[in-house]
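Trainee: Below are the sequence and a predicted model for it; my questions follow.
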Amino acid sequence: MNVDNSQDLAYMAPSFIEKRLIEIEKAKEKPSLLKKIKAVVNRFLLLFVSSAKKNEVQTTISAKITALKSLNSILNKNNLNFIEKINENNKLNKISVIAEIKKASPSAGLIIKQYNPIAIAENYFLNGATCLSILTEEKFFLGDLQHIADVKNKFKIPILCKDFFIDPYQVSLAKSFGADAILIILSGIDNELAKDLYQTANELNITSIVEAHTCDEAEKALNFDKAIIGINNRNLKDLKTDIKTTLQLYKILSSHSCPIISESGFKSEKDVKEIVDQTGIMNFLIGESLLKNIEGSSLLKKIVQINQ
């Protein structure tokens, strides 16, 4: 039996285990023999599962390598400088708004029934958004990577691919669709993966936004010296937002040399001004409040005019 061939093992497993179960039944009165038979069965199952997993991983890696080769020409294209766009605004003492485009979210449910990413992007673009954040996660936010490509073909504005990044391959894929920045959510991944995502983004010359929800995550975020740090005001345990989270985490992050963004929970220009006045943070990622006010667009206009 070739234990490295999962197909052979899959074919043999039913008959092998059936025979061993019969032996186990007969050996119930003989503890030592019963122990030996069970050990053989457990060993076989371990080999079967390990071999199948090994085959799955090898297939996945092979597919990735093939896909990446076909993306080489796309990955070499120039992208917009997300972090530099924000730095330019900060130097002029202007508010930067990363305006978010999404159809739905776990906390809000369906936000926009007639969802048109290009129309939303145009509205944001014309009303002073500095950058865009486009949700591409499909299951919970009903997003799609193609939305980035569609918007990028129409408007010259830096775009954050907002998704759950769990593999460096996703960074390459995001750039191939036109993303200029990716999101690294520290609460969802280990330190090693976070570093891999960050390194891949640097190699591809796109911006990383390292997101922190807690004081511990804020401490870790300081290790990513070339990244934007995002303070997410949403409590992941109950999904409630509180902009005072920014006040708390900023005490840890104030020495960071790159821009800091406050994310989530902003319902009015007064909320934004409170954070500006108390921390000096000038950069904000805002989604649901803008989307719910998309027809009038007055909220976005009011926010970008703070300090002007």
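Mentor: Done, it's in. Numbering: from 1, shown residues only.

Trainee: can you give me the helices in the stretch 51-200 of the chain?
Mentor: Using DSSP state H, counting those that start in this stretch, the helices of the stretch 51-200 of the chain run over 82-91, 117-126, 146-152, 168-176, 191-203.

Trainee: Of those helices, which is nearest Ser262?
Mentor: helix 82-91 (12.6 Å; Cβ to Cβ). The C-beta positions use only the backbone N, C-alpha and C, and glycine is treated the same way.

Trainee: and the closest one, C-alpha only, in CSV?
Mentor: The C-alpha coordinates for helix 82-91 follow below in CSV (Å, rounded to 0.1, in the frame of the first residue of the first chain):
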residue,chain,number,x,y,z
PHE,A,82,-2.5,55.3,-1.2
ILE,A,83,-0.4,56.4,1.7
GLU,A,84,1.1,59.3,-0.2
LYS,A,85,-2.3,60.6,-1.0
ILE,A,86,-3.2,60.8,2.7
ASN,A,87,0.2,62.3,3.5
GLU,A,88,-0.4,65.1,1.0
ASN,A,89,-3.7,66.0,2.7
ASN,A,90,-2.1,65.8,6.2
LYS,A,91,0.6,68.3,5.1
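
Trainee: Tell me which residues are up against that helix.
Mentor: 95-96, 130-131, 158-160, 180-181, 206-207, 228, 258-259, 282-283 (Cβ atoms under 8 Å, 6 or more residues apart in numbering).

Trainee: before we move on, back to that, highest mean neighbour count across the helices of the stretch 51-200 of the chain, which stretch is it?
Mentor: Scoring the helices of the stretch 51-200 of the chain by mean neighbour count under mean count of other Cβ atoms under 10 Å gives helix 168-176 as the most buried, with a mean of 22.

Trainee: Which strands or helices does it pack on?
Mentor: If you count contacts as 3 or more Cβ pairs under 8 Å, 6 or more residues apart in numbering; DSSP states H and E, helix 168-176 packs onto helix 31-75, strand 181-185, helix 191-203.

Trainee: Pick out the most distant pair among the contacts of helix 82-91.
Mentor: Ile95 and Ile206 (23.3 Å).

Trainee: Which of these two has more residues huddled nearby?
Mentor: A side-by-side neighbour count of Ile95 and Ile206, using other Cβ atoms under 10 Å, places Ile206 first with 25 against 22.

Trainee: you'd agree that one is up against Asn79?
Mentor: Yes. With contact defined as Cβ atoms under 8 Å, Ile206 counts as touching Asn79 (5.9 Å).

Trainee: shared neighbours, these two?
Mentor: Lys175, Ala179, Asp180.

Trainee: ok so, going back, make JSON lines out of the helices of the stretch 51-200 of the chain and add distance to Leu249 and mean pLDDT.
Mentor: Below are the helices of the stretch 51-200 of the chain laid out as JSON lines (distance: least, Cβ to Cβ, whole Å; pLDDT from 0 to 100):
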{"stretch": "helix 82-91", "distance to Leu249": "18", "mean pLDDT": "95"}
{"stretch": "helix 117-126", "distance to Leu249": "26", "mean pLDDT": "95"}
{"stretch": "helix 146-152", "distance to Leu249": "28", "mean pLDDT": "96"}
{"stretch": "helix 168-176", "distance to Leu249": "25", "mean pLDDT": "92"}
{"stretch": "helix 191-203", "distance to Leu249": "17", "mean pLDDT": "95"}
